[in-house]
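In: Predicted model and sequence below, questions to follow.
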Amino acid sequence: MDDTGTLRGTELRYALTMFLLQHGPTSITDLIAGLTEQGFLIVGHPPKSVSDALRWEMEHGRVFRRRRAVYAAWDDIPRATEYRIHHRVLALREEARRIRSEAGN
């Protein structure tokens, strides 16, 4: 994440996967709203960026598509992977909080 709070690549994938683990099946629109609420920005065209990131996560067995534009996380993600994702997302949230406070928001 850069100094604007923008998510891309691995950080976007981790944030999406963690959101799905915490909230269950979620639409792309609600994923974007949820990450925005947490203080993140998504680079490019958000629905396309989120869709691409989720497709990558699907290929790696962490997320599956329930129906059109609705995704969920698998329950059997390896504990070490979930731990790594969880701690990275916590650090990203803290960084986004710091950026917002420095900007006076």
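Out: Cool, the structure landed.

In: Where does pLDDT dip in the chain?
Out: 1-4, 105 (pLDDT under 70).

In: any chance you could map the helices in it?
Out: 9-23, 28-37, 46-59, 79-103 (DSSP state H).

In: Select, out of these, the one closest to A73.
Out: Ranking these by proximity to A73 (CB to CB) places helix 9-23 first, at 3.9 Å. Where C-beta positions appear, they are placed from N, C-alpha and C, glycine not excepted.

In: For the closest one, which helices and strands make contact with it?
Out: Here helix 9-23 touches helix 28-37, helix 46-59, strand 63-67, strand 70-73, helix 79-103, going by 3 or more CB pairs under 8 Å, 6 or more residues apart in numbering; DSSP states H and E.

In: Any buried residues in it, and which?
Out: The neighbour-count check on helix 9-23 (16 or more other CB atoms under 10 Å) flags E11, L12, R13, Y14, A15, L16, T17, M18, F19, L20, L21 as buried.

In: got a list of what the second one touches?
Out: Yep, that's L12 we're talking about. I42, V43, S49, V50, A53 (CB atoms under 8 Å, 6 or more residues apart in numbering).
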